[in-house]
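S.K.: predicted model, plus sequence, below.
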Amino acid sequence: MTRFILRRLVFFVLTLFITSVLVFALTRILPGDVARVLLGREASPEAVQAKREELGLDKPLAVQYVNWAGDFITGDWGTTYSTPREDIRDLVIQRASNSARLAALTLLIAVPLSITLGVIAGLSEGRFADGAISILTLSVVSLPEFVTGLFLINTVALGWGDNPIADRLGWFPASSAIRADASFSEALPAMWLPAVAATLVLLAYIVRLVRAGVIEELKKGYVRTAVLKGLPYRVVVVKHVLRNALIPTVTVIATSTGWLISGMVVIESVFSYPGLGRLLINNAIDNRDLPLIQAIVMLTVAVILIANFTADLLYALLNPRIRLE
Amino acid sequence: MINETAPDARSARWRGSALRSARSTGRFLREILRSPQSALGLLIVLFFLLMAVFGPVIAPYSTNDQSSAPRLSPGTDGHLFGTDYLGRDVFSRVVLGASSIFRTAGLGTLIAVILGTFTGLFIGYRGGVVDEIAGRLIDALLALPALLIALVILGVVRNLEFERGSWQAVLVDNSVLLVIALVYVPIVARVVRSSTLEIKSREFVEAAQIRGESSFYIIFREIFPSVVPALVVEASLRFSYAIFLVASLGFLGVAARPPSPDWGLMVNENRGGLFQLTPWALEYPAGAIALLVVGVNLMSDGIRRAVQRSG
Amino acid sequence: MAQHSDPVLHVDNLSISYKVGRRWIPAVRDFQLEVCPGQIYGVVGESGSGKSTAAAGIMRYLPANGRIEPGSRVAFLGEDLAPKSRRAMERIWGAQMGLVPQDPGGALNPSIRVGEQVAEILRRHTTLDRAAARERTVEMFRRVQLADPDALLTRYPHELSGGMQQRVLIAMSLATSPRLLLLDEPTTALDVTTEAIILDLVRNLIAAEGAGAIYVTHNLGVVAQLCERVVVLYAGEIMEDATVAELFAAPRHPYTIGLLNSIPRLGQTKRDAALQAIAGRPPSLAELPRGCVYAPRCPLAIEICRTKPPLEAPAEGRLVRCHRWQEIARGEVSLREQAQAGIEDAAPVTGDREELLEVTDLTKHFPVQRGLRNILRGEHPAPVRAVDGVNLGVQKGRTLGLVGESGSGKTTLARVIIGLTDRTGGEIELMGIDVPGTVRDRDKSTLAQLQMVFQNPQNSLNPYLTVGQALRRPLIKLAKVAPDAVDAEIRRLLTEVNLRPEYADRYPGELSGGEKQRVAIARAFASNPALILCDEPVSSLDVSVQAAVLNLLARLQAEHDTSYLFISHDLAVVGYLADYLVVMYLGVIYEVGYGSDLFRPPYHPYTEALVSAIPRPNPDAHSARVRLSGDIPSPRDIPTGCRFHTRCPHKVGAICEQEEPPWRDDGSGHFIRCHRELWDLAERQQATRIEEED
């Protein structure tokens, strides 16, 4: 097992390194001069040169990378290019915690729901329940986040907004543009709709994988053994099948963080929720703020990799084949 | 004598194999059409494909014709889907937008499939260190969400300006398509690699090695045909994700630039405070995206099942 | 034999169908059987005969697309099972009816400890509490001779070998003392030495428990050694039903006779007689022949066989479904006359011929990946020594048989010789010329001289290339056949392997297993090689098809003067085809001799164990049982001294653990590597001598 964990740890560090190189390269090697991009077409050559020196762009790429990575690791993420010049670390961490809240709420809804649906679909393969669930997931998977998001705003927030109870509670506002430093209880009403939209993103993905896992396990020889032991069907399913079918789900949930994050970028944008995704679109990309882009991407990648690594650990713990090695 | 018979025999053989592959494609199509859902999916995709090809013929207005009054509701003054806040005909824009989604998502997927197939075949067949390194690299790339990669690349690239007609400008103009290809190459490569690894160990490949066939022959003649089923399934799946991705990127404002009739962009342009006034300008393109993705998903589901059935 | 009282199980008129597409395919028709307490009833048939389906139908556990036809009657302990609900069946399954399945690895839940998997069935069906169930589990583990049963409770299935897993399953199915046990090919996935131990166990436990048992198998040898009665199935129908003694002594159905004749017997060689193969292949269940299902393949079929024969009783307790059983019984018609003479070989086997292939000190070690601990300590973990210093020679036109259990390194040896795997050390010479390590480094003429026939015909042909295309490549590439002559050459090759020339346009998917293997053989012969490596070429084929392929190999060898290196785990098959014999254990050769040396002592103690483990298709053959204790050690951790000492029944003492045994030679070309003298071995092994069988 230590061997397995060490291998995953090496992979974790390696991936982080590769991505950091890619992220770095993306902003440096792309055609065009960063300083020029930053200052616009009209800037004088002298100004561009000065900017290049300020940014350290005149040094060799490897040196630039080491400097950049070193700063990043020591917590010096720099200030934004665009005005007002803010400290990137503070900004990113504040927005990231907002996104994390939303993600947590989403997972809380999505995981139990989708596992239940997946198990039901898998157990009733080819029958009515399976068909209904698969039509549901197929239609959900076919709708881009912004379409579901706008649909929710249109019907729920605007349609029910006049409902006096919802109005008093302040639930389902059409826009989730709360203050970036809002407390959890302040933010909660604004989070419901984005969370539902994000749940739909995950739902289809997890349901399909759980369903496939259950169907695959049901075909295995040990299920026949268990049934022919005379165990009641419920016991066969809960004790024998689900134990094996749900172990991989741990990994599935972790890998779905990637989905969740990309979904979140769009959803935050639709609902104007002050999270990391919105920061990326509105501040970083719209302003071509390279340090900010780098910081956001690196943080996101680290989160995804940590999630994957944790999943690997859990998987190893739950699976005797790996645990006992 | 030899010169006369040999090409003849060869062409007969070729005709035979072409006939067989046509027959098996026909059988495969029938297999897909067996379920009504996948037939419907195929129909939807064909519908949009026709729209993409004949868009300019069908559309009553041009993309940027602002001659009509703004915010006409659907059905008024011959505007089937109404007009948007600038008075552009929504129907025409939806119809004309079809071609751009097929060009970017379709072509991007195609490039990804071709490059990914070559890469996957190569690293899967070589195995050993090459596979180890390439496999890790692919895993690393796959850890990043496609949307994030695309967003960052396009966010940085789209504002670069080059001389018209220079190669850089061509790259930037086609950046969406290239980004789609880029993010999906590793995914396709991984699928092809794993099926290559599996097929490589089959005994017919070893029989070919024993008679001293070149790697090129073994990869393309012996292994590749067995990879095709998995590849077809993956390609159709990729296509549906690509449409999704293009639409999302358009919506986030990094793919197409106004006044392009990109569906995602249209949704974006017509929201904000204004969309309550012209919901149709947003609903029709959004509906088009949803319908197309549903179609592609149904079709790809059908393809997957057909492949499984024909073993 | 056990006392027969009321039958445990009475099956009458059992018919089972599967829904495929929109059609119902009849898999089993009119099956009947009666099992008494203490009786082991064999159900024997080839693949597709419906034997496993019949067993599943008896348990009323069919896949979702299967159904038991109305009119079927399965009475268990006097009660009809048909009207019983799923709930009621749950009280019978496991409690009164147990199943020992085919694939022991897949039949255990990978994430539950084996102790719990057995204890669970006890808690379900008995009043035992947790502690008592645990105790009973340990007791059951002890009864199936599992070592250290207490420690075993907390193990997971993947930590056990296949033989141990199967013992756990037997312990599980017998824990509740059921009245009926169904064993569905329980030893098919196991090595012959393990199989022998499991069969002993099953025989003793059934006798002790007094339960009835149904033993489903394709192996007539197992039936002969284990069962009291047997029913022979073909294409879903009963062909014959009799006591084992009667069936083997006087079979009445042409199919039974054909099956018995097609099995190579220990001691029978290609020089004695060709095997009597059954022509053709079993019918597809979707398109059964109108009359007798066996008629299309039956050499005795006449006009009347176009009508369906009834199931008749030629004597008390016998059944046969054949129009001509009376003529067969009276000896008026015989299948014997069709028997062909053996292969005439000009050179007697004793006369040596020139050496074609010479392998010297060949080793293949697979490195084991270093773990972190190894790296920190600067250690290199011991490699897997799959082949560890092998010397052997193959003579021109002769067959060298290579036998050993799985894990003995025989397949690795073949792969190294053919060049699919690079060797670690040693030399290979073909006709006196050094052969490089891998196929990449070998020139065309070497490649043409060395060919291979693989084990699994399913995978040895590319499903996307026609038979013609598969044969074309080696003809052009290696045999240098002119392009305009290739088509004629393909036709010739197909004819040589008894396939019609039209097969050139077919895809492998349209061929049966036996036909695919013929094409693979034709492909190997295309370059007219000097040596063909055959790696278990018939082990995945049904018995009736296997005989035809063996005959083909023998005939082609005689015609082309080709040499074979023939690998098999089936000693009877090797004994039939091989002129010389090599026995391998853990990467090393322990015995070299003539093919016929298999049948008389002295043997190496390992060879002796292999020979005596074969379940022989003759109920009267009760050879002394030499059983090996434990499993074959891991090739990563090879025992010191004689590698076989951990399992050897004739171990001398400390010397076996410390010193490599010397080669002992009887002067005629039979070598044994053992610390015991040859006369000593011969004396100790008298009991396992194989009496001549007809």
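M.R.: Structure's in. What do you need?
S.K.: count of neighbours near residue 243?
M.R.: Since no chain was named, I'll use chain A. Neighbours of residue A:243 under the rule other CB atoms under 10 Å in any protein chain shown: 16. For every residue, glycine as well, the C-beta is placed using N, CA and C.
S.K.: meant chain B actually
M.R.: Neighbour number of residue B:243 under other CB under 10 Å is 29.
S.K.: tell me the secondary structure at it.
M.R.: helix (DSSP: H, G, I helix; E, B strand; the rest coil).
S.K.: I figured it was touching residue B:296, is that so?
M.R.: Yes: contact criterion CB atoms under 8 Å: residue B:243 and residue B:296 qualify, at 6.3 Å.
S.K.: just the CA atoms of stretch A:87-107, as PDB, please.
M.R.: This file holds the C-alpha atoms of stretch A:87-107, laid out as PDB (Å, rounded to 0.1, in the frame of the first residue of the first chain):
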ATOM      1  CA  ASP A  87      -2.700  41.700  -3.900                       C
ATOM      2  CA  ILE A  88      -3.500  38.600  -5.900                       C
ATOM      3  CA  ARG A  89      -3.200  36.100  -3.100                       C
ATOM      4  CA  ASP A  90      -5.800  37.900  -0.900                       C
ATOM      5  CA  LEU A  91      -8.100  38.300  -3.900                       C
ATOM      6  CA  VAL A  92      -7.900  34.800  -5.100                       C
ATOM      7  CA  ILE A  93      -8.200  33.200  -1.700                       C
ATOM      8  CA  GLN A  94     -11.300  35.200  -0.900                       C
ATOM      9  CA  ARG A  95     -13.000  34.300  -4.100                       C
ATOM     10  CA  ALA A  96     -11.900  30.700  -3.800                       C
ATOM     11  CA  SER A  97     -13.500  30.300  -0.500                       C
ATOM     12  CA  ASN A  98     -16.700  31.600  -2.000                       C
ATOM     13  CA  SER A  99     -16.400  29.000  -4.700                       C
ATOM     14  CA  ALA A 100     -15.600  26.300  -2.200                       C
ATOM     15  CA  ARG A 101     -18.800  27.100  -0.300                       C
ATOM     16  CA  LEU A 102     -20.800  26.700  -3.400                       C
ATOM     17  CA  ALA A 103     -19.000  23.500  -4.400                       C
ATOM     18  CA  ALA A 104     -19.600  22.000  -0.900                       C
ATOM     19  CA  LEU A 105     -23.300  22.800  -1.100                       C
ATOM     20  CA  THR A 106     -23.400  21.200  -4.600                       C
ATOM     21  CA  LEU A 107     -21.600  18.100  -3.500                       C
END
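S.K.: what residue lies at the spatial centre of the chain?
M.R.: Just going to use chain A. Central residue of chain A (CA atoms, centre = their mean): residue A:261, 2.3 Å from the mean position.
S.K.: switch to chain C, please.
M.R.: Taking CA atoms, centre = their mean, the centroid of chain C lies closest to residue C:539, which sits 5.8 Å from it.
S.K.: run through who's touching stretch A:125-140.
M.R.: Under the contact criterion CB atoms under 8 Å, 6 or more residues apart in numbering or on different chains, stretch A:125-140 has outside partners A:117-118, A:120-122, A:124, A:148, A:200, A:203-204, A:207-208, A:211, A:215, A:218, B:294, B:297-298, B:301.
S.K.: residues from the stretch 401-550 of chain C in reach of chain A?
M.R.: Counting by CB under 8 Å from any CB of the partner chain, the stretch 401-550 of chain C comes close to chain A at no residue.
S.K.: now do the strands in the stretch 401-550 of chain C.
M.R.: C:425-430, C:433-434, C:450-453, C:531-535 (DSSP state E, counting those that start in this stretch).
S.K.: now the stretch 151-300 of chain A
M.R.: Under DSSP E, counting those that start in this stretch, the stretch 151-300 of chain A gives no strands.
S.K.: which residues in the stretch 201-325 of chain A form helices?
M.R.: Ranges of helices within the stretch 201-325 of chain A are A:221-228, A:233-235, A:242-271, A:276-278, A:290-318, A:320-323, based on DSSP state H, counting those that start in this stretch.
S.K.: so what's residue 199 closest to, chain neighbours aside?
M.R.: Defaulting to chain A. Among residues not flanking residue A:199 along the chain, residue A:110 sits closest, at 4.3 Å (CB to CB, 6 or more residues apart in numbering or on different chains).
S.K.: ah, no, chain C please
M.R.: residue C:226 (5.6 Å).
S.K.: show me what contacts that neighbour?
M.R.: By CB under 8 Å, 6+ apart, the residues touching residue C:226 are C:40, C:42, C:199, C:202, C:203, C:215, C:615.
S.K.: pLDDT weak spots in chain A?
M.R.: Residues of chain A meeting the criterion pLDDT under 70: A:1, A:27-41, A:83, A:157-175, A:323-325.
S.K.: in the stretch 101-250 of chain B, where is pLDDT below threshold?
M.R.: Along the stretch 101-250 of chain B, the parts satisfying pLDDT under 70 run over B:159, B:161.
S.K.: contact residues of it facing chain A?
M.R.: Residues of the stretch 101-250 of chain B that fall close to chain A, judged by CB under 8 Å from any CB: B:136-137, B:139-140, B:143-148, B:151-153, B:155-157, B:159-162, B:168, B:171-172, B:240, B:244, B:247-248.
S.K.: mind giving me the ChimeraX select for those residues, buried ones only?
M.R.: Filtering those down to the buried ones (16 or more other CB atoms under 10 Å in any protein chain shown) takes a single ChimeraX command:
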select /B:137,139,140,143,144,145,146,147,148,151,152,153,155,156,157,160,172,240,244,247,248
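S.K.: among the residues of the stretch 101-250 of chain B next to chain A, which lie within helices?
M.R.: Those of these mapping onto helices are B:136-137, B:139-140, B:146-148, B:151-153, B:155-157, B:168, B:171-172, B:240, B:244, B:247-248, per DSSP state H.
S.K.: name all residues that make contact with the single nearest residue of the stretch 251-400 of chain C relative to chain B.
M.R.: Residue nearest to chain B within the stretch 251-400 of chain C: residue C:369 (11.3 Å; CB to the nearest CB). Neighbour list for residue C:369: residue C:381 [criterion: CB under 8 Å, 6+ apart].
S.K.: where does it land in three-state SS?
M.R.: Judged by three-state DSSP, the three-state class of residue C:369 is coil.
S.K.: returning to that earlier point: now the residue nearest to residue C:199: how far from residue C:202?
M.R.: Noted for residue C:226: a distance of 7 Å to residue C:202, by CB to CB, to the nearest Å.
S.K.: wait, residue C:659 sits on residue C:675?
M.R.: Yes: counting by CB under 8 Å, residue C:659 touches residue C:675, with 7.4 Å between them.
S.K.: reformat the strands of the stretch 401-550 of chain C as TSV; add distance to chain B, mean neighbour count and mean pLDDT.
M.R.: Formatted as TSV, those follow (distance: least, CB to the nearest CB, whole Å; neighbours: other CB atoms under 10 Å in any protein chain shown; pLDDT from 0 to 100):
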stretch	distance to chain B	mean neighbour count	mean pLDDT
strand C:425-430	14	16	92
strand C:433-434	17	10	92
strand C:450-453	6	26	94
strand C:531-535	9	24	95
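S.K.: nearest to residue B:112, of these?
M.R.: Residue B:112 lies closest to strand C:450-453 among these, at 38.4 Å (CB to CB).
S.K.: in its sheet, what does the closest one sit against?
M.R.: When pairing is defined by DSSP bridges, strand C:450-453 lines up against strand C:531-535 (parallel).
S.K.: among the helices of the stretch 201-325 of chain A, which is the most enclosed?
M.R.: Most buried of the helices of the stretch 201-325 of chain A, by mean neighbour count (mean count of other CB atoms under 10 Å in any protein chain shown): helix A:276-278, with a mean of 28.
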